[in-house]
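Novice: Okay, here's the prediction I keep looking at, along with the sequence it came from:
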Amino acid sequence: MLVGCQRRNTWINEEMSWPMVSGNAWLDLVGHRRVVRTPLDFMTVWIRDNHIIDFRGGPIREWWREDLYDVWALTTVYSGYDIDNDGLILNEYKGKMIVIRNGLVFSKAKERAAKLVTGYAEGPARLAKDQPRAYHVCRTCPTKRQCDIIDRTTPGGNDDWGPGYPFP
């Protein structure tokens, strides 16, 4: 709920969508599924040899590192697991699997986790629509219509809508 688009995570449950099932199967194959209780909810993480691991398909996107950092920070702060400062992203693209290492800054874990939890308490955060991530995530989001209505009815809610948004 706290990682990625908080609105989408709150409004729908995608645990059983085919990309989630596929990614979870890879993670189950190479890691161990664990549950972490944060102040707001429970989240599932995968750990291998004291590393947080994540699976992503498609061309590499910069925000994957941010999401991994969020998962790592929440796990480090709210679980008793001994996690290294090095996260791993399994990336499958065009039939090839690679591992992307991601160094993480331990001194910032508490600050990052607190920001996620307190930010969510103010209401689920939205993705900034003028960012590349929004182009790739929002245009196919099943909650896009609901999200856009809130943006349109909130003062300043659509200030970051560029000329290409809403996406066709």
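Specialist: Arrived safely, thanks for sending.

Novice: Every contact and neighbour count from this point should use C-alpha atoms.
Specialist: OK.

Novice: tell me the mean pLDDT over stretch 71-84?
Specialist: Stretch 71-84 shows a mean pLDDT of 91.

Novice: Show me the contact partners of it.
Specialist: 3, 36-38, 45, 50-52, 87, 106, 108-110, 112-113 (CA atoms under 8 Å, 6 or more residues apart in numbering).

Novice: Return the subset of those residues lying in strands.
Specialist: 36-37, 45, 51-52, 87 (DSSP state E).

Novice: ok, of those, which one's closest to Thr140?
Specialist: Val45 (24.8 Å; CA to CA).

Novice: Identify the bridge partners of the closest one.
Specialist: As for beta bridges, Val45 partners with Arg34 under DSSP bridges.

Novice: who's in contact with it?
Specialist: By CA under 8 Å, 6+ apart, the contact set of Val45 is 33-36, 52-53, 71, 75.

Novice: Please apply the same query to Asp151.
Specialist: 157-158.

Novice: Which helix or strand contains it?
Specialist: helix 144-153 (DSSP states H and E).

Novice: Pull up the gap between Ser107 and Ala113, please.
Specialist: Ser107 sits 11 Å away from Ala113, going by CA to CA, to the nearest Å.

Novice: how far does the helix ranked longest in the chain sit from the chain's center?
Specialist: Assignment by DSSP state H gives helix 63-78 as the longest helix of the chain. On the basis of CA atoms, centre = their mean, to the nearest Å, helix 63-78 sits 8 Å off its chain's mean C-alpha point.

Novice: Pull out the CA atoms of it and give them to me as CSV.
Specialist: Taking C-alpha atoms only, helix 63-78 is exported to CSV below (Å, rounded to 0.1, in the frame of the first residue of the first chain):
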residue,chain,number,x,y,z
TRP,A,63,11.6,4.5,-10.3
TRP,A,64,12.2,0.8,-9.7
ARG,A,65,15.1,1.8,-7.5
GLU,A,66,13.0,4.2,-5.5
ASP,A,67,10.3,1.5,-4.9
LEU,A,68,13.0,-1.0,-3.8
TYR,A,69,14.4,1.6,-1.5
ASP,A,70,11.0,2.2,0.0
VAL,A,71,10.4,-1.6,0.6
TRP,A,72,13.9,-1.9,2.1
ALA,A,73,13.4,1.1,4.4
LEU,A,74,10.0,-0.2,5.7
THR,A,75,11.4,-3.7,6.1
THR,A,76,14.5,-2.4,7.9
VAL,A,77,12.5,-0.2,10.3
TYR,A,78,9.5,-2.4,11.0
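
Novice: All set, thanks.
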